[in-house]
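> Model the structure of this input:
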Amino acid sequence: MGRSAALSLQQNDRPALVIEKDEKAIELALSEGHLVLNGDASKDDVLREARIEQASGVLVCAGDDALNLFIVLSARALNPSLHIVARSMNPENESKMRQAGADRVVSPYRIGGRHMANIMLRPHVTDFFDVVTLENGQELWVEELIIQPGSRLAGHLG
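This next block holds a predicted model:
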C-alpha cells in the first residue's frame with residue numbers, strides 16, 4: 001500500500017520521503033526514484049531526521065495497526081498541524097487512529113469491499129472510473145475546490 005501511494009505521489013509531482021527499515025523495500029524504493037530514509041518510523045529521532053516538523057502531511061501505512069497507531073501518535077506530537085492519513089486493517093481500530101491524531105483513516109478491506117459491491121451494483125460506472133483512472137497511463141481527476149465566502153464565485157454553479 002505504501003509503495004502504491006508513493007508511486008502515485010511521484011506521478012503527480014508531489015515530493016515524498018519513504019521511511020523504511022527493510023533492505024529489499026529500500027532497494028526497490030530507490031530503484032523507483034524515491035527519496036528514502038533508512039529507519040524505523042515509530043522512532044521520534046527518525047521522524048525528526050525526516051524533518052516531520054516541516055512536513056505538510058504523512059501517510060502512515062506500516063503493515064501493523066499497532067505500529068501505525070504508534071507512528072500517528074509520534075507524528076502528531078512532533079507536528080500538531082500535520083495532515084495525517086493512516087491505514088487501519090481492522091475497522092475496530094479506526095476510531096483509535098483518529099483519537100491518536102489521524103485526520104483520515106483508510107481501511108483497505110472496507111474500500112475493497114465497497115469497490116466489489118459497486119462492481120455488482122454499478123458495473124459500467126465502476127468500469128468507467130477504473131479505466132480512466134487506472135489504465136493506459138491516462139487519468140481523469142475529479143478535484144475539490146473550496147469557494148470562500150465573499151468570493152465572486154460564491155453562489156454560482158457551473
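
> could you show me where the helices are in the protein, in order?
For the chain, helices defined by DSSP state H occupy the ranges 2-11, 23-31, 44-49, 65-78, 94-100, 108-121, 123-134.

> Can you spell out which helices and strands pack onto the first one?
It stands for helix 2-11. helix 23-31 (3 or more C-beta pairs under 8 Å, 6 or more residues apart in numbering; DSSP states H and E). The C-beta positions use only the backbone N, C-alpha and C, and glycine is treated the same way.

> mean confidence score for the helix it packs on?
The average of the pLDDT scores along helix 23-31 is 93.

> Any buried residues in that helix, and which?
26, 29 (16 or more other C-beta atoms under 10 Å).

> That helix relative to helix 2-11, how many degrees between them?
Between helix 23-31 and helix 2-11, the angle comes out at 10 degrees (axes from the mean of the first three to the mean of the last three C-alpha atoms, to 10 degrees).

> Ok, which of the helices of the chain comes nearest Pro149?
Counting by C-beta to C-beta, Pro149 lies closest to helix 94-100 out of these; the figure is 27.9 Å.

> ok, back up a step: need the winner for burial among the helices of the chain.
Among the helices of the chain, helix 65-78 has the highest mean neighbour count (mean count of other C-beta atoms under 10 Å), at a mean of 19.
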